[in-house]
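Asker: Sequence below, structure please.
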Amino acid sequence: MELEVKTNMAMLYDFYSPMLSEKQKEIMELYYGEDLSLSEISEIKGITRQGVRDAVKKSENILVGCENKLHLCDKFKEQNKNLDLILRRLDELKTDEDISDIQALVKELII
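Answerer: Below is the predicted model of the structure:
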């Protein structure tokens, strides 16, 4: 599984896992968190490999659907990007214009 896909799904899970059933959470934690295969999960949970795959796909669709509606992950990433920029600009602080730029970024984060 591609690292970027796994990382993205982990972030979606962190934000939207309350939208999943307990069974879906357990399967997603085994699949993404423990990096177990569908077959390994099917043995642990006592369901078919296809049943595990269906649960993973359904859970992924729920998480992606939530993000498409709420954009919490996107907003979080944007805030982190702006905070990183603020920190870099603070290191380079030289003029009043720099201070104004930083204040504008901070206001954007607060709003």
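Asker: and the helix or strand bottoming out on mean pLDDT in the chain, how far out from the chain's middle?
Answerer: Ranking every helix and strand in the chain by mean pLDDT, DSSP states H and E puts helix 96-110 at the bottom, with a mean of 78. Centre-to-centre, helix 96-110 and its host chain are 27 Å apart (CA atoms, centre = their mean, to the nearest Å).
Asker: what's that helix packed up against?
Answerer: The helices and strands touching helix 96-110, judged by 3 or more CB pairs under 8 Å, 6 or more residues apart in numbering; DSSP states H and E, are helix 72-91. Heads up, the C-betas are built off the backbone N, CA and C, glycines and all.
Asker: buried set for the helix it packs on?
Answerer: Across helix 72-91, burial judged by 16 or more other CB atoms under 10 Å covers 73, 86.
Asker: returning to what we had before: buried residues in the least confident helix or strand of the chain?
Answerer: Result for helix 96-110 [16+ other CB under 10 Å]: buried residues 102, 105.
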